[in-house]
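# let's see this in three dimensions:
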Amino acid sequence: MLWFDPHYLLFVALPLLVLSVIAQLWVRSAYAAASQILSRRGFTGAQAARYILDSAGLHHVPVEEHPGFLSDHYDPRTKVVRLSPDVFRSPSLAAIGVAAHEVGHAIQDATGYAPLVIRNFAVPLAAIGSNFGYIAILIGLFMAYAGAGVLNPFTVIGLLLIAAIAVFQLVNLPVEINASTRAIRLLPQLGIVDYDELPAVRRVLTAAAFTYVAATAAALLELLYWLWRLGLLGGRDR
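Take a look at the predicted model:
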């Protein structure tokens, strides 16, 4: 059938739903627990971010408050670290860990960290893929059922766009892990947290890293499914 494939439900949709739920529950649980533990040194997320940036010589990179829950990010276009209100204002270990992670991205950007450069280059293509990849491949399947052949221009374009999403996620994963590794190393080195406070910070960042693992798995499963569906992995439609 064109619109419903039980293989997709069983081998893609259900596993990804389970991974997504586990990732979200883990992040919220770890963040909530570490949010109850106040930093011994009293740094807020914003103060920790500013201190790490200044220590790295990045005095020109501002730290701004950004609306939303866990909406924290570093914007490489404007060179700004943006922190959600809970992270910006809180002196908890959760807030400090998240803030330090985002500053890790700013340091990556300043030092020309190669995976980040590749990721930033791939962002527009991945965005196009997420918006138009599935549309193109479904149009291509319509054409295939009308006799145009499975590997017609639309299915090929759609497959390439879906592949771009997978490539982006594969590159993004080490970028995120490296940012967390930098945070865990710098926080005690700079005296923002003590070494015995690191386990709580590490739990938050590990849980957050799993969300990127889940996203990478999702992109790879999608790509593998469509390769199979189009007959490139022994699928039935070839």
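# lowest-confidence helix or strand of the chain?
Sorting the helices and strands of the chain by mean pLDDT, DSSP states H and E puts helix 6-8 at the bottom, at a mean of 87.
# can you tell me how far the residue nearest in space to the middle of the chain sits from residue 196?
The centroid of the chain falls nearest to residue 212 when counting by C-alpha atoms, centre = their mean (4.5 Å). According to C-beta to C-beta, to the nearest Å, residue 212 stands 27 Å off from residue 196. Where you see a C-beta, it was placed from the backbone N, CA and C, and this is true even at glycine.
# quick one, helices of the chain?
Taking DSSP state H as the criterion, the chain carries its helices at 6-8, 14-35, 45-55, 85-89, 93-111, 114-143, 153-189, 198-229.
# wait, isn't residue 74 in contact with residue 80?
Yes: with contacts counted by C-beta atoms under 8 Å, residue 74 reaches residue 80, the gap being 7.4 Å.
# from residue 5, how far out is the residue located most distally from the centre of the chain?
Distance to the chain centre peaks in the chain at residue 147, reaching 39.4 Å (criterion: C-alpha atoms, centre = their mean). If you measure residue 147 against residue 5 using C-beta to C-beta, the figure is 20 Å.
# thinking again about what came up before, and the helices of the chain: which comes nearest residue 66?
helix 85-89 (7.8 Å; C-beta to C-beta).
# what's in contact with the closest one?
Residues outside helix 85-89 that contact it (C-beta atoms under 8 Å, 6 or more residues apart in numbering): 35, 44-46, 63, 65-67, 69-70, 72, 94-95, 98-99.
# out of residue 74 and residue 80, which sits in the busier spot?
Neighbours per residue, other C-beta atoms under 10 Å: of residue 74 and residue 80, the larger number sits with residue 74, 23 against 16.
# give me the pLDDT value at the more buried one.
Residue 74 carries a pLDDT value of 97.
# excluding chain neighbours, what is closest to it?
In space, and not counting its chain neighbours, residue 74 is closest to residue 105: 3.8 Å by C-beta to C-beta, 6 or more residues apart in numbering.
# what's the spacing between that neighbour and residue 27?
Between residue 105 and residue 27 the computed distance is 18 Å (C-beta to C-beta).
# what does residue 207 give?
Per C-beta to C-beta, residue 207 is found 5 Å from residue 27.
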